[in-house]
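Engineer: Next come a sequence and a model predicted from it.
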Amino acid sequence: MLREDSDESGRLQDDERNKKQAQRGYHHSPSASSNRTPAASSQPPLSRPNFVIVIADDLRWDAVGYAQKELAADKHPPFREALFPWMQEATPNIDRLAAGGARFRNAYVTLSSCSASRACMLTGRYNFMNGVYRNNDELSSDMPTYACLLGDAGYKTAYIGKWHMGKQSERPCFQWYRTYIGSATYYHMVFYKEPDTAPLEERLIKRQGWVDKAKTDFFTEFLEEHQATSHDQPFLVTIGLKAPHKPFLPGKGHAFNFTGIEPKLSRNHNTAPPFDAGMDTEPFSFYGSEDGFSQTLENYSSLIASLDDSVGRVYAALEERGLLDNTVIMFVSDNGLTANNHQLSFYKFVAYEESIRVPLAIHYPALIKRNTVIDQTVLNVDIAPTLLDFAGLEVPPYMQGISFMPLLDAAQRAEVAPFWWPNHFAYVYLGLKDDAVSEAASDVARIPTCMVWRTGESVGTQPDAKLTEYPQWKEWTELFRLDDDPEETANLANGPKYAPLLQKLREEMDDHMMDLSLYQRSPVYRGTALPHRLYPLPLLEWPFDHESTEDIRWRDAASNLTLVGNATLTRVADTLLQTPYYQPRLTNNALQLSYVLTFVTQSDRAIVRSPLLWRPFSVRTITLWVQLRANPDDAVYQLIYSEGTDTTGLQLRVELRSLVAKLKVDGEDYSVTAPYTATEWTAVAVQVDVTKALSLYMSGLRVGRMPLSSLSGEEILTIEADASLGASASDVADGFVGMLDDIRIYDDAANVGSITFKRQARMVARFNFEDSLTDELLQNEATVQTELLQAEYPLYDAEDNPRFNSTTISFDGDYHLILESDLLSRPCRSFTLMVFLKLVRLEEMQLVYEEGGHGGGLSLTLWDGSLRLAIADHAAGVEKTYSAAYPEAEWNHVTVTFDGRMAEGPVAIYINAVQVLSANSTLTQIGDISASWKDAAIGGSAGTVTGTTSSSNGTTTTVAGTAFSRPYGRFMGWMDELTIWDIALSDSQIRDMRSIRVVNALITTNTKTDTTPTQKQQK
């Protein structure tokens, strides 16, 4: 960490950087870290080699000649089949490149998709850190790439061909380019060139014929221009080829002779994935017939032959100009591809080996011996660090890949591989459509989000294995023993024999995902990360993991926090303090520890000197977790966050029993205030939208908003000053006493909205019933379950609602809502449910909310004048019911909490923010649901109750379940603002929430005569 008054700052920062530089979990041996430059040739290399990176598109690892030859000769790991034997002599140029240098048998991508994989190559960072998750995402110009760093070091940088990444036209940090937008066609493309400042129509270049031939012609053009103008300057050229991507229509001159060749189906062609990929189970159904399959393979192979021609032209262009000896040529594919493997016809995205494994070869005769074969696992995120290592540049600490340059020399490989080289890695696919992004491609829409942990060479008694988990569908988990099942045909996840291995891999993956910051980037609910719901990328971010004040976005000294006075990082137990975003994992009973930023006195502070804060903005958002140590009544003025000057700036502070967000523009003040009495950890956010409003959020809910109409003439603000946490830089007596954690600062590009605030506050679901039954977090789908076919949409006007100008949901006892959510059915260690209720009558038993199943669950009911909370964990053999008197009132604000992370597992019931029950359950968690139930329910049962019910039409229904055994009935009355958190809110937080909702929502007593919901006029 950095500290102005500490001599240890440099050592601590270096130690932390060493911890974090290898995000994949390796540890340097002393010899490896002291000597990372291999020496394999008697010919000394020039100090700065040239680089040419050739990227194929959708090329399988085994669809090249050298791989097929190895498979045919049985020189590859056992049991693999040579599925493309006709390719043995079909790629002579790729084979020559590999034979002249090194080829990697185990090269993988961390996300199998065109744009995503290319972004990983460019940045050396996983997709959840570089911001490119899908093909329509663009790479931020703020994100450093190997081109930026090599360009800063004096390289001439060029980009030719496919970039993808949505409709992005810029090629950040590439000084010379011939490129296009999107994926391109195989014939007759229009390219464009630099500079960005010129009109596009003046930069267009039309090329007839084969698109990849045009790209290699551009490469020759670049070399000629470079040699004529700056031949002494080293260069970097990245070439994105089109082949062999779909459509499989090879061009003239690339026809492949398949005479006498019969296509061979792999052993896993009938092994279906756990999800419905929309494919027929018949082997050749996708192609119409076996002849169709043969033709498709023939075309794919022909495109690979054309790809090989392109590689040959690149090689020849360098050789003719005498540049081979001092040019690093790297050949790689952006991802692999299935070919009827796992009933998936020419698919990527999935985590199977055919999709994530790629060919990789490097030619550099100055350092790499001929025919070098490397078995260690390398990743696409390792490419950027490797290029920098070759150039003699320091690898930035924000890069998550590691240089594989030491593997290129046999002596160094033998030294480092057994000790610290990581043959394990994580794969994260962010599938399905999100609330903000929807892929047009149907195959993308069918592939679910998955997190994968793959081990490499065997270490000790642990086999080579792969664990694939689908966060939204726990029953789809896959476990494969790759050492004896490389085709992944036998899923071992559900057998007791491999339960210990499954648990071990789960814990390894969990730790690794935390180290990679995935769990910082995505919501984590009930021990489950939801990477398909990633948070926006912040401008700056300090989670304080591993006792570090580094900004994890950039890990640059300029953006690290400088601690002043007694400000320090404190190690605390998550289980005791219920701190922010990590919930202790259910797969690991060990106490989870976190570090937080602690201010002991009001003169303590942390300074942010990042120039990123000085940039003009129209939207600024700050989110953080706050724990106030002082009594709120004594907190006259405590500054939490501040940036700006005396005339223009932004503050977040505590004044007496209020939380205040204050904006000052040209000396004019704007402020928002909300009740704040909590001394427990609270999620807080402030957002300035210059064109709209100043808004304040607590626990995920907006608690105040001030329109900025007087700033209508302003579109951007500029605050050219340092920021500070805990106290301002100018006044040491106004500081905050307490703890902060998980601090994030966003700018305009992040597009931060209310969903982000809710998810960061650990909110699992919120139903506001504003003209729809949609969960505001878009994580749980609600459907109406009804016994009356004539039951209509149950939303009503606002006259009986706790808020004006709103709608509320009404139940008449004949229908309820089913929440289709595997998330809510998972075991939880803490829980808060908050809802507004108005009843028709109180005598009958009525279910308000329920979740759970065979493993246990939670149920909130109204019965005989009381509010009853039942919780069960059948694994622990515990089922308990708690009740409190329910007042007969118009609208009541009801809250129930459970906290299994605290001693004795306390439960509590609050009515109108007054605690009416407190008890100890002795439970540490509420048990999970069985495979037969996957839902929660509002106003009725999710199927977990055994009993009978009678509806208004005279029918009797029996509902079977095993979580709770008692009669039940559907709710009759009105509900509003049903909210569920994954943490247990405290007494003071509940009081603050109700106070805010009452003041802002104007809850009133309706003077009209009550009528049943079915008699009221529907909206």
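Structural biologist: In hand now; what should we look at? Numbers count the residues shown, from 1 in each chain.
Engineer: how does the chain divide up, domain by domain?
Structural biologist: 53-166+173-257+271-510, 570-577+590-703+727-766, 783-912 (the TED database).
Engineer: Can I get those in a markdown table including mean pLDDT, mean neighbour count and distance to R526?
Structural biologist: (C-beta placed from N, C-alpha, C; glycine too.) Shown next, in a markdown table, are the domains of the chain (pLDDT from 0 to 100; neighbours: other C-beta atoms under 10 Å; distance: least, C-beta to C-beta, whole Å):
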| stretch | mean pLDDT | mean neighbour count | distance to R526 |
| --- | --- | --- | --- |
| domain 53-166+173-257+271-510 | 88 | 20 | 10 |
| domain 570-577+590-703+727-766 | 85 | 20 | 8 |
| domain 783-912 | 79 | 20 | 4 |
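Engineer: could you dump the ones you listed to a markdown table with distance to S921?
Structural biologist: Output for the domains of the chain, formatted as a markdown table (distance: least, C-beta to C-beta, whole Å):
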| stretch | distance to S921 |
| --- | --- |
| domain 53-166+173-257+271-510 | 24 |
| domain 570-577+590-703+727-766 | 16 |
| domain 783-912 | 4 |
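Engineer: so which of those comes closest to S986?
Structural biologist: domain 570-577+590-703+727-766 (4.3 Å; C-beta to C-beta).
Engineer: Could you tell me the end-to-end distance of the closest one?
Structural biologist: The first residue of domain 570-577+590-703+727-766 is 33 Å away from its last residue (C-alpha to C-alpha, to the nearest Å).
Engineer: swap in stretch 338-355?
Structural biologist: 6 Å.
Engineer: Can you get me the centre-to-centre distance for that stretch and its chain?
Structural biologist: 23 Å (C-alpha atoms, centre = their mean, to the nearest Å).
Engineer: Stretch 341-356 too?
Structural biologist: Centroid separation for stretch 341-356 versus its chain: 21 Å, with C-alpha atoms, centre = their mean.
Engineer: What's the end-to-end length of that stretch?
Structural biologist: The straight-line separation of the ends of stretch 341-356 (C-alpha to C-alpha) is 13 Å.
Engineer: which residues touch A56?
Structural biologist: Shown in contact with A56 (C-beta atoms under 8 Å, 6 or more residues apart in numbering): L241, A243, P244, L307, F331, V332, S333, D334, P359.
Engineer: Show me the beta-bridge partners of it.
Structural biologist: S333 (DSSP bridges).
Engineer: measure it to W163 for me?
Structural biologist: Distance of A56 to W163, computed by C-beta to C-beta, to the nearest Å: 15 Å.
Engineer: The residue nearest the centre of the chain - nearest residue in space that isn't next to it in sequence?
Structural biologist: Against the mean C-alpha coordinate of the chain, by C-alpha atoms, centre = their mean, the closest residue is P531 at 3.5 Å. Leaving aside its chain neighbours, P531 sits nearest to S522 (4.4 Å; criterion: C-beta to C-beta, 6 or more residues apart in numbering).
Engineer: what does D987 give?
Structural biologist: That would be Q915: by C-beta to C-beta, 6+ apart, it lies 6.0 Å from D987.
Engineer: which parts of the helix or strand hosting that neighbour are buried?
Structural biologist: Using DSSP states H and E, Q915 maps to strand 914-920. Using 16 or more other C-beta atoms under 10 Å as the test for burial, strand 914-920 gives V916, L917.
Engineer: Tell me which strands it pairs with, and in which orientation.
Structural biologist: strand 906-911 (antiparallel).
Engineer: That'll do, ta.
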